[in-house]
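Participant: prediction below, plus the sequence it came from.
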Amino acid sequence: MKSGKILINLLLSIIVGILLIFSFAIISPTSKDIIKGYIDDSSIDSKKKYVESTINRYDGEPSWYPTTENNTYSQPQIAGQAGLLVEINSGDVLFEKNSSERRPIASLVKIMTAVIALEHMGLEDKVYITQEIADIGENSMQLSKGEIYNLEELLYGLILHSGNDAAYAIAEGVAGNSDRFIDWMNIKAGELGMLDTHFSDPSGLDDTTFSTPTDLVKLTRYALKNPEFRKISGTLEKEIFNGNNTHKYMYLYNQTNLLSTYPGVAGIKTGFTEEAGLSLVTYSSNEGKEVVGVVLNSIDRKGDMILMLDHGFESLGIHIEHNLL
């Protein structure tokens, strides 16, 4: 009797096994695709393409972090909700306000957009402008469908004119599509040790992007290692001529507030959305001291940055003459 039960259980187990094998054999193509997609995760593919397409990069120094505070006890009051000023060679913190708080950063995103572009595409490589790119709203470089620009021209439109159309043209030209480009932005943020940053688009229009003043100083410090980035972000005005009748003539003017007014300032980038407020990243060099300042969510980013720069350089023993306040 007992042996009969054992035999029955054995037969049932064999039948169940056969049914499982049969059901897997006839699994639908859609289900197989899902299983394959799970194994060949798209993020792995994006990372592979990121590595394969890299043509230029610098030491990311992910462990670098602003450290010693210098005269921050006597720092001025600013209107911005967060700020940080750092001497980027020593790491000395010269001004600090809520520098580790995550906030939307608007077009400051474009610093990372430029970094990824310069590391994955040649300056003379061409990008075709689609209707979708031409229709991107807000700040615009005024790109038109059917035009062809090289990467360098688009980078000037990205930084000087804060062109959202330029940002998406760069993203599609560099990575093939904007989603992959955004993946690459976040991969780079990880490489740089930007632990409180996430990018949602290449332009800054999407306010789900967030970062901190500390991470933005790290990003800017890295971006400045690239001489092309230094040149473009430090350019006050730029004419883009009609090369081989591939696009229209353009005159671009740098929107970075203090580039032509505060001694030693050599760029970087402004940002604004209703959610993020007025934001600014500024690089300045005087008497061998290089500082990067970040102001987020201000009603007077220009005034805030002047106060921060004045205090920072004074803390370094450098008096800056100007009549801006």
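Facilitator: Received it, and whenever you're ready, just let me know what you need. Numbers count the residues shown, from 1 in each chain.

Participant: looks to me like Gly137 is in a helix.
Facilitator: No: if the criterion is DSSP: H, G, I helix; E, B strand; the rest coil, then Gly137 is coil and not within a helix.

Participant: now do it against Tyr222, distance only.
Facilitator: Here the distance between Gly137 and Tyr222 works out to 30 Å (CB to CB, to the nearest Å). All C-beta atoms are positioned from the backbone trio N, CA, C, and that covers glycine.

Participant: who's more crowded, the two?
Facilitator: Set side by side, Gly137 and Tyr222 show unequal neighbour counts under other CB atoms under 10 Å, the larger going to Tyr222 at 26 against 9.

Participant: right, and that one touches Leu192 too?
Facilitator: Yes: using CB atoms under 8 Å as the test, Tyr222 is close enough to Leu192 to be in contact (5.7 Å).

Participant: who touches both of these two?
Facilitator: Taking CB atoms under 8 Å, 6 or more residues apart in numbering as the contact criterion, the common neighbours of Tyr222 and Leu192 are 60-61.

Participant: show me where the stretch 101-250 of the chain has helices.
Facilitator: Per DSSP state H, counting those that start in this stretch, the stretch 101-250 of the chain has helices spanning 109-120, 131-134, 151-159, 164-175, 178-191, 213-223, 227-233. These are given in chain order.

Participant: what angle do the fourth one and helix 151-159 make?
Facilitator: For helix 164-175 against helix 151-159, the angle by axes from the mean of the first three to the mean of the last three CA atoms, to 10 degrees is 140 degrees.

Participant: just want the angle from helix 164-175 to helix 178-191.
Facilitator: In terms of direction (the same axes, to 10 degrees), helix 164-175 departs from helix 178-191 by 80 degrees.

Participant: now do the first one
Facilitator: Orientation note: helix 109-120 sits at an angle of 90 degrees relative to helix 178-191 (the same axes, to 10 degrees).

Participant: show me what helix 109-120 is packed against.
Facilitator: In terms of contacts (3 or more CB pairs under 8 Å, 6 or more residues apart in numbering; DSSP states H and E), helix 109-120 is packed against helix 151-159, helix 164-175, helix 178-191, helix 213-223, helix 227-233, strand 265-273.

Participant: could these go into JSON lines alongside distance to Gln75 and mean pLDDT?
Facilitator: Formatted as JSON lines, those follow (distance: least, CB to CB, whole Å; pLDDT from 0 to 100):
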{"stretch": "helix 151-159", "distance to Gln75": "29", "mean pLDDT": "98"}
{"stretch": "helix 164-175", "distance to Gln75": "34", "mean pLDDT": "98"}
{"stretch": "helix 178-191", "distance to Gln75": "28", "mean pLDDT": "97"}
{"stretch": "helix 213-223", "distance to Gln75": "14", "mean pLDDT": "98"}
{"stretch": "helix 227-233", "distance to Gln75": "26", "mean pLDDT": "97"}
{"stretch": "strand 265-273", "distance to Gln75": "19", "mean pLDDT": "96"}
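
Participant: take those and lay them out in JSON lines including distance to Leu316.
Facilitator: Written out in JSON lines, the entries for the helices and strands packed on helix 109-120 read as follows (distance: least, CB to CB, whole Å):
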{"stretch": "helix 151-159", "distance to Leu316": "27"}
{"stretch": "helix 164-175", "distance to Leu316": "35"}
{"stretch": "helix 178-191", "distance to Leu316": "29"}
{"stretch": "helix 213-223", "distance to Leu316": "16"}
{"stretch": "helix 227-233", "distance to Leu316": "21"}
{"stretch": "strand 265-273", "distance to Leu316": "15"}
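
Participant: what's the closest of the ones you listed to Leu94?
Facilitator: Across the helices and strands packed on helix 109-120, Leu94 has its closest neighbour in helix 213-223 (11.1 Å, CB to CB).
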